[in-house]
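In: got a predicted structure plus its sequence, pasted below:
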Amino acid sequence: MSETIICVADDVGIRVWLERVLESEWNLETVSTSDLSRVSRLVQATGATVVIVAIDENDTSRALKVLTAVQKACPDAHLMGVAQRISQDLLLNIMRAGARDCLITGVDADTAPDRVARLASVSASTSVPGKRSAKGCITILSSASPIVDTRFFGQNFVHELSESDNNKSILALDSSSDPNRTFYFDNLNRLTLNDLVSRGDSLDRAFVETALEEFSPGLRLLSGQLEAKGLEGDSGADLYITITQLAGLFDHLFIRVEHGHLEGWLKALGADVSNLLLMLHPVVDQVQASDEILKMTAEWVSDQCRLITIIDGYEKRSNLPLSEIEKTLGRPCDLLLPLEWRCRLDAINAGIPISLVPAKNRYEKKMRSFVAQQFIEQPKKLNSLMFKRAST
């Protein structure tokens, strides 16, 4: 057979056993449990209909979390467990978590290929490979350096997005916020991202809307204080489950990510990201850092993800011309924002969007044009094009 099977396992012994019993008939793609977002990308790329997840009887909660995360990432793929040994209780629990079968390494070497083939044939007849469950648009904002003020951009972006399309529901998440703040906005909601990740229960719209008051029509704010270790292992799986649930409840999920945490976030949910916004100042070291970041993201995000570069504090008369920046990045810059320092300070100190500052400013004008072109008009054009293709 030339079909692909995806295996999620950290244990070298289980990986070797699967290669020995399956690789003569299947192409085996192996992924570690810390790279769960890569599973959904591989399912899309290969058309795999079966995902095999390693089960460790000594760490049952982790195995169940991984199964739940993979099921949410790949709802049309059928799951199968593999373990060196397993109790009856754990077997029942992994079946409840979505597994259709479980291979035991010391017993099932002869029957494994037939059982995998049987599950693959059932999956192929009941699902469309690569099809994803309905999710809202996920946009991640980060920067080339920690000194770039992504908070200010984030609060103005989400406010302008909600003002431009008030029929859409938007959740704006600041993953590294100060207490009682989301970006520079006051936020007295008691519920935080950390609470949702540790909660472990399924989220529904009624719960989220009750816990998070509207900042403006259609826009809700959520704060978090996630550390780097919260993006790895079990915590990374919990984060993936929480974010995918939130994305299913809103039309647009916006996430501000600290510079040093970007790779961890992309490892956790890169395949589900619709837009990645990268901000930088027009200085040489940040331009070079941005080039490295853009190259790194290709490993984690899908081909459908839009990479958008934003220069903050752009000055046309600078001795570093825009053409040199774009040449280094190998792509055009999508938004050039002026400094407008006085209006920024007024908006930050008042905790309001810059569009509500009395003085007119070019920053607001640039932001409004950017949101309209990139997030209102362009998606409509793409939807219209897809509709025309579907009807021909």
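Out: Cool, got the structure. In this text, all values refer to a predicted model and were calculated from it rather than measured experimentally.
In: next up, the contacts around the residue nearest the centre of the chain.
Out: Nearest to the mean C-alpha position of the chain, by CA atoms, centre = their mean, lies residue 269 at 3.4 Å. If a contact means CB atoms under 8 Å, 6 or more residues apart in numbering, then residue 269 has 37, 138, 239-240, 243-244 as its contacts. Any C-beta I mention is one placed from the backbone N, CA and C, and that applies to glycine too.
In: output the below-cut-off pLDDT ranges for the stretch 1-150 of the chain.
Out: For the stretch 1-150 of the chain, applying pLDDT under 70 flags the ranges 1-2, 35-38, 41, 44-46, 123-135.
In: domain-wise, how is this protein divided?
Out: 4-126, 137-376 (the TED database).
In: what about the longest one, start to end distance?
Out: The separation between the terminal residues of domain 137-376, taken as CA to CA, to the nearest Å, is 12 Å.
In: related to what we said a few turns ago, from the contacts of residue 269, which land in strands?
Out: residue 138 (DSSP state E).
In: of the contacts of residue 269, which pair is most distant in space?
Out: 138 and 239 (12.8 Å; CB to CB).
In: who's more crowded, the two?
Out: Taking neighbours as other CB atoms under 10 Å, residue 138 and residue 239 compare with residue 239 leading, 26 against 23.
In: quick check: the more buried one touching residue 231?
Out: Yes. Contact between residue 239 and residue 231 holds when scored by CB atoms under 8 Å: they sit 6.5 Å apart.
In: so what sits against both of those two?
Out: With CB under 8 Å, 6+ apart as the test, residue 239 and residue 231 both reach residue 268.
In: can you show me the strands along the stretch 151-300 of the chain?
Out: 170-174, 181-182, 185-186, 214-216, 219-223, 252-256, 275-280 (DSSP state E, counting those that start in this stretch).
In: dump the ones you listed into CSV; add mean neighbour count, distance to residue 295 and mean pLDDT as well.
Out: Converted to CSV, those look like this (neighbours: other CB atoms under 10 Å; distance: least, CB to CB, whole Å; pLDDT from 0 to 100):
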stretch, mean neighbour count, distance to residue 295, mean pLDDT
strand 170-174, 26, 26, 96
strand 181-182, 22, 31, 94
strand 185-186, 16, 34, 94
strand 214-216, 16, 36, 92
strand 219-223, 24, 31, 95
strand 252-256, 25, 21, 97
strand 275-280, 24, 12, 98
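In: tell me which of the ones you listed lies nearest to residue 3.
Out: So among the strands of the stretch 151-300 of the chain, strand 275-280 is nearest, using CB to CB, at 31.4 Å.
In: quick one: the closest one to strand 252-256, angle?
Out: 30 degrees (axes from the mean of the first three to the mean of the last three CA atoms, to 10 degrees).
In: adjacent strands (with direction) for strand 275-280?
Out: When pairs are called by DSSP bridges, strand 275-280 turns out to pair with strand 137-143 (parallel), strand 306-312 (parallel).
In: tell me which of those sits most buried.
Out: Of all the strands paired with strand 275-280, strand 137-143 carries the top mean neighbour count, a mean of 24, counting by mean count of other CB atoms under 10 Å.
In: what lies in contact with it?
Out: Residues outside strand 137-143 that contact it (CB under 8 Å, 6+ apart) are 150, 153-154, 157, 243, 247, 251-259, 261-262, 265-266, 269, 272-280, 293.
In: do stretch 226-237 as well
Out: Outside stretch 226-237, the residues touching it (CB under 8 Å, 6+ apart) are 33-34, 36, 61-62, 65-66, 68-69, 175-176, 193-194, 197, 239, 260-261, 264-265, 267-268.
In: among the residues you listed, which ones are buried?
Out: Neighbour-count burial within these applies to 33-34, 36, 62, 65-66, 68-69, 175-176, 193-194, 197, 239, 261, 264-265, 267-268; the criterion is 16 or more other CB atoms under 10 Å.
In: so of those residues, which ones are in helices?
Out: Per DSSP state H, helices hold the following members of these: 36, 62, 65-66, 68-69, 193-194, 197, 239, 264-265, 267-268.
In: export the residues you listed as CSV, with columns for distance to residue 319.
Out: Output for those, formatted as CSV (distance: CB to CB, whole Å):
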residue, distance to residue 319
36, 45
62, 54
65, 52
66, 52
68, 54
69, 49
193, 42
194, 44
197, 46
239, 43
264, 36
265, 34
267, 38
268, 40
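In: nearest to residue 220, out of the residues you listed: which one, please.
Out: Among those, and counting by CB to CB, the member closest to residue 220 is residue 193, at 12.4 Å.
In: in this structure the closest one contacts residue 175, no?
Out: Yes. Taking CB under 8 Å as the definition, residue 193 is a contact partner of residue 175 at 6.5 Å.
In: give me the common contacts of the two.
Out: Counting by CB under 8 Å, 6+ apart, the residues touching both residue 193 and residue 175 are 224, 226.
In: what residues sit buried inside the helix or strand hosting residue 117?
Out: Taking DSSP states H and E as the definition, residue 117 sits inside helix 112-126. Within helix 112-126, the residues that qualify as buried are 112-113, 116-117, 119-120, 123, counting by 16+ other CB under 10 Å.
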